[in-house]
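Enquirer: Sharing a sequence plus its predicted fold:
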Amino acid sequence: MNSLVALPVILPLLGAALGVIAAPYRWVQRALALTALAANVVISILLFIEVDGDEMLVMQAGGWKVPLGITLAVDRLSAVMLVVSSLMMISVLVYAIGQGAEESRFAAFNPIYLVLAAGVSASFVTGDLFNLFVAFEMMLVASYVLLTLGGRPGQVRSGMSYVVISLVASTFFITALALIYSATGTVNMAELSQRIPELSSGVRVGFSLLLILVFGIKAGLFPLFFWLPDSYPTAPGAITAVFAGLLTKVGVYAIIRSQTLLFPPDAQQGSFLLVLAGLTMVVGVLGALAQDDMRRMLSFHIISHIGYMIFGLALFTLAGIAGAVFYVVHHIVVKTALFLVAGLVERRAGSDRLSRIGGLVRSAPMIAVLFALPALSIAGLPPFSGFVGKFALVGAGIESDEWPIVAVSLLVSLLTMYVMVRIWSRVFWGEPGDPAIAEWIESDESRVPRLMTGATTVVVAMSVALIVFAGPLYDYARRTAEDLLAPDRYVETVLGDDHSDETAKGDDG
Amino acid sequence: MSVLLAFAAAFLFASGTYLLLQRRLSRILIGVGLIGHGSNLVLLTSGTGRGVAPIIGTADPSEFADPVPQALALTSIVITFGVTAFLLALGYRSWRITHDDVVEDDVEDRYIGRRAEADQVVEEEELAEREQAVEEDRR
C-alpha cells in the first residue's frame, strides 16, 4: 500500500513523456492523458480509504533512510486534496478536449497538462520542504506554458507578470529554505517539526512569516494577490478553471501544512493571519463587484474566498481548521464548476463581457441551471455546501470570540450573493447589449459541444453531491483537523521508531 | 569567507530588487536573474562551513563539507535556469508583438478605471443640476 503514494506523481509524468513521443497522434495523447488521470482518480480514492482507516502512508523514495532521501507521506489532508484535485483534473481535460481550442491546436497541451497534474499531486504528497519547492516549480512551469500557449498579446503581457511574480516567490522560497536549513540542518518536514521548537522565538516567528509570504503569493493572500485577476482570465477557458480551482488551493494547502506541522502553538501568527484573512475577503469581493468581464469577476472572487480558508486556519482551533479543510474542498469543486460555466457562456454568447451579453436564460436554459447551482452554493445559501462551510467557519469564529472577523465574513458573503446576482441578471436575464451578440446567439455556430456541457454537468453534479455528503465530509474534516493539531503522529510515522534513537546517538557523538 | 559571501548575496539581492522595480522588461529580467543568484548563494552557504569535497574514500568523513546544500543549490540552479530561459523567450515574443520592452498596464484595469471616472463626471453633473434646480426654486 505504501508504494501507491508515489503513483499520483509518477503516472502523469510517465503519461507526459509518452505523450511527447506520440506528438503527431492527438488521439494517442488523449488516450494517454485520460488513462493517466483516471488511474490517478482510482489511486487517490484507494489512498483516501486507506488513510481514513487510521493509517498514515509513508514512502521513502529510492529507499534512502530519513532524512537523507525524499519522503512522500499521505495523511488525511493530503488524501482528500488528492481525491478532489484528481477528479477536477480529469473533468477539465474532458472539457478541454470538447472545447477543441488550444487542446487540438497544440501538441504540447496534453503532456504539459499532465506535468501540471503531477506537480499538483507532488505538492500534496511531499513530506520534505525542498521537495515542495520542486513540486511547486513543476506545477508553475507547466502553468506558465499553459497560460501563454496561444501567444496572443494579452496572454504574453499578463503571462510576463505572472512568471516574474512567481519567480520572485520561488527565490524567496529558496532563501527561506536556506535560512531554515542553516538554523536546523534539515529540510524534512517531520524533522523540522521536532527541531523548530528548539529555536529562539524570534527566529521561529521570522520563519513562520517568511513561509506565509512565500505561500501567500501562490495563494493570492492580501496584499499579494494583484497578479491573479490579471493573469488567470487570459488563459484558455478550460485552463483558467484548473488554475482557479487548484493552483491557489495548493498555496493554501502549503500554508495549512507548514503552519500546523512546523510551528509550535506559541509561534503561530493567529491574529496577524486573521487580519490578513479579513482584508483578503473584503478586497477580493469589492474587486469582483467593479468588473465587467465574467471571468475577471470570478477571478477576483477566488481571492475573497481564500480569505475564508485562512480565517479558519488562523483560529488554530479544531472547529476552525475543520471548517477551513471543508471550505477548501467545497471551493475547489464549486469554483471549477463556475469557471467551466463561464467558458460555456463565452462559447454560447460569443463574449463574456456583462455589458454585451444577456438573455441566456431563454436561449440556453441548460447553462443557466448549471450556473445557478454552484453560484447559490458559493454565495452560501442553505442547503448548499457553501452554507455548511461558512456555517462551520462562523461557528468556529464565535466559539473563539473573534467577533470582528465573523462580522466581516458575514458581510462578505452578502456581497458574494450580490456578485452572483449581478452576473445572473446581466448574463441570463434581459437582452444582449450588443446586437452582434444577439445575432451570434441565434446562429448555429454558437452551439456548445456536448462534451463541454457534459464535463461541466459532471462537475456541477459533484458540487451538488457535496450537499448530500456534507455530513460525512465534515466529520472527515474534523478528523483531519485533529491530526493537524497533533502533529506528533505525523512525525512519528514519517521518522519511524528507530530514528529517534539514531538522532539521540548522533547528539551524544 | 562566509561574511564575504553574505555581502555578495546582499548586494545581489539589493541590485536585483532595484532592477525588478524598473519599467523596462529587459531590466526586470536581469533583476530576476540577480535575485535568483543571490538566493542560490544563500542556499550554498547554509551548510556547516568549509571542508573538502564530499566524495567517499577521498578523505575522512569528518572533514567533508556538508553535501546537502550543494545538492539543493544544484537543483535550484537548474530550475532557475529553465524558468529564466522561458522568461527570455516570452520577453522576445512580447518584443515581437509590441516592438517595445516597457511593461504595459493591465488594459481591463484601465477600462474599469475609466468607468469610475465616467461615474464621477455623471455624479458631478447631476450635483450641478440639482444645485441649479434648488436655486431656481428659491427664485
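Expert: Cool, got the structure.

Enquirer: and chain B, what are its domains?
Expert: B:2-104, B:105-139 (automatic domain parsing).

Enquirer: Return the member of those having the minimum mean pLDDT.
Expert: Across the domains of chain B, domain B:105-139 has the smallest mean pLDDT, namely a mean of 80.

Enquirer: that older thread, which of the domains of chain B sits closest to chain A?
Expert: Counting by Cβ to the nearest Cβ, chain A lies closest to domain B:2-104 out of the domains of chain B; the figure is 3.8 Å. C-betas here are computed from N, CA, C, even on glycine.

Enquirer: Can you list the buried residues in the helix or strand harbouring B:L41?
Expert: Secondary structure from DSSP states H and E places B:L41 in helix B:25-44. With burial defined by 16 or more other Cβ atoms under 10 Å in any protein chain shown, the residues of helix B:25-44 counted as buried are B:25, B:27-44.

Enquirer: Next: stretch A:307-324.
Expert: A:307-317, A:319-324.

Enquirer: Next, work out how far apart the residue of chain B positioned farthest from its centre and A:R296 are.
Expert: The outermost residue of chain B, judged against the average C-alpha position, is B:R139 (62.9 Å), by Cα atoms, centre = their mean. From B:R139 across to A:R296, the span is 49 Å (Cβ to Cβ, to the nearest Å).

Enquirer: follow-up on the earlier one: toward the C-terminus from the helix holding B:L41, list the very next helix or strand.
Expert: Following helix B:25-44 in sequence, per DSSP H and E, is helix B:67-98.

Enquirer: and that following helix, is it in reach of chain A?
Expert: Yes - Helix B:67-98 is in contact with chain A by Cβ under 8 Å from any Cβ of the partner chain, via B:68-69, B:72, B:75-76, B:79-80, B:82-84, B:86-87, B:90-91, B:93-94, B:97-98.

Enquirer: average pLDDT for the helix or strand hosting A:G216?
Expert: Element membership for A:G216 (DSSP H and E) is helix A:201-219. Averaging pLDDT along helix A:201-219 gives 90.

Enquirer: Report all helices and strands that it contacts.
Expert: If you count contacts as 3 or more Cβ pairs under 8 Å, 6 or more residues apart in numbering or on different chains; DSSP states H and E, helix A:201-219 packs onto helix A:153-184, helix A:248-261.

Enquirer: Make a markdown table out of these and add mean pLDDT.
Expert: Shown next, in a markdown table, are the helices and strands packed on helix A:201-219 (pLDDT from 0 to 100):
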| stretch | mean pLDDT |
| --- | --- |
| helix A:153-184 | 89 |
| helix A:248-261 | 92 |
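
Enquirer: Can you lay out the ones you listed as CSV showing mean neighbour count and distance to chain B?
Expert: Putting those into CSV (neighbours: other Cβ atoms under 10 Å in any protein chain shown; distance: least, Cβ to the nearest Cβ, whole Å) gives the following:
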stretch, mean neighbour count, distance to chain B
helix A:153-184, 22, 4
helix A:248-261, 24, 17
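
Enquirer: so what secondary structure elements neighbour the helix or strand just after the helix holding A:G216?
Expert: Next in sequence after helix A:201-219, counting helices and strands by DSSP H and E, comes helix A:228-231. If contacts are counted by 3+ Cβ pairs under 8 Å, 6+ apart, helix A:228-231 sits against helix A:153-184, helix A:294-315.
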